[in-house]
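Visitor: Below is the sequence, then the predicted model.
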Amino acid sequence: MSRANPQPPPSDPVWAGRGAETGAIYRCFNLAQDFESFVWLAAPPDVAAQGPSPREVAERAVEQMNLRAIDIGIAPRPDGTGLVGVPVWLWVDDPRPSTFGPVTESASAGGITITATARVHRLTWDMGDGTTIECTTAGTPYRESFGFQPSPDCGHVYTSESHNRPGGRYTVTATSDWVVEWEGAGQEGTITLDGLVAQVELTVGEAQVLVS
């Protein structure tokens, strides 16, 4: 709720015959239902009753982005088998605005408009063997021509088989952390969003050497 500026003329029905010397007209905005109304109050409302803050409107813009966890790209593929000592490649498969950013949305409420832009600033990969890797890029998709080279920006090498893990596989978990920068109504700020999670299962075995 905020004081209407300018105030309605004395002839406006919202005054209900009252004079400006007895109070003022305030704007009420229902953020959930997206409508506003005007009411007369003899005294200013409590701070808690004021309209939505710029940050609250920014959070509404973030909701409109429909952010979600990444689609995991990994080599070897989850339906195959990795080998101890052979590099595993990790990347964001088909990165889109809603999974990696940047994505921009605007929201309006209580007479103010806020524009927010979100992007992933860190991917944390839990490889299931006690190793955690932090990557600040989307990673490099693997191609067969790369052979046994390690990933240039986001990868891992297993040092033990997965047979002693539940189901005989490692659970690989990718957690994307977002940063949202917003501005409007003469203000600006940052919102952090943590914990959008995606998972795949990966079998890792020992290379078998045949001696004849």
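Guide: Structure received.

Visitor: From L67, how far off is S37?
Guide: Distance of S37 to L67, computed by Cβ to Cβ, to the nearest Å: 32 Å. Yep, even glycine has a C-beta here, placed from its N, CA and C like the rest.

Visitor: between those two, who's got more neighbours?
Guide: Neighbour count, other Cβ atoms under 10 Å: between S37 and L67, L67 has more, with 20 against 11.

Visitor: now that one, nearest residue through space, not along the chain?
Guide: Sequence neighbours aside, S98 is the residue nearest to L67 in space, at 5.8 Å (criterion: Cβ to Cβ, 6 or more residues apart in numbering).

Visitor: repeat for R18
Guide: In space, R18 is closest to W40, 6.0 Å off (Cβ to Cβ, 6+ apart).

Visitor: can you check R169 too?
Guide: Counting by Cβ to Cβ, 6+ apart, E201 is the residue found nearest to R169 once chain neighbours are left out, at 4.2 Å.

Visitor: Direction included, what does the top strand by length along the chain pair against?
Guide: As assigned by DSSP state E, the longest strand anywhere in the chain is strand 187-205. Using DSSP bridges, the strands paired with strand 187-205 are strand 81-83 (parallel), strand 170-184 (antiparallel).

Visitor: mind checking how far the longest one is from the chain centre?
Guide: Distance of strand 170-184 from its chain centroid, counting by Cα atoms, centre = their mean, to the nearest Å, is 5 Å.

Visitor: can I get the CA coordinates of it in PDB?
Guide: What follows is strand 170-184, C-alpha atoms only, in PDB (Å, rounded to 0.1, in the frame of the first residue of the first chain):
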ATOM      1  CA  TYR A 170      28.000 -44.000  -9.400                       C
ATOM      2  CA  THR A 171      25.300 -41.400  -9.000                       C
ATOM      3  CA  VAL A 172      26.500 -38.200 -10.700                       C
ATOM      4  CA  THR A 173      24.700 -35.100  -9.500                       C
ATOM      5  CA  ALA A 174      24.800 -31.700 -11.100                       C
ATOM      6  CA  THR A 175      23.700 -28.700  -9.000                       C
ATOM      7  CA  SER A 176      23.300 -25.400 -10.800                       C
ATOM      8  CA  ASP A 177      23.500 -22.200  -8.800                       C
ATOM      9  CA  TRP A 178      22.000 -19.000 -10.300                       C
ATOM     10  CA  VAL A 179      22.700 -15.300  -9.800                       C
ATOM     11  CA  VAL A 180      19.900 -12.900 -10.700                       C
ATOM     12  CA  GLU A 181      20.700  -9.200 -11.200                       C
ATOM     13  CA  TRP A 182      17.700  -6.800 -11.100                       C
ATOM     14  CA  GLU A 183      17.000  -3.100 -11.400                       C
ATOM     15  CA  GLY A 184      14.100  -0.700 -11.500                       C
END
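
Visitor: tell me the mean pLDDT over it?
Guide: Averaged over strand 170-184, pLDDT sits at 96.

Visitor: Setting the sequence-adjacent residues aside, check what's closest to D126.
Guide: Leaving aside its sequence neighbours, D126 sits nearest to T173 (Cβ to Cβ, 6+ apart; 4.2 Å).

Visitor: Would you check that the one you found makes contact with E201?
Guide: No. If you go by Cβ atoms under 8 Å, T173 and E201 don't touch, sitting 10.4 Å apart.
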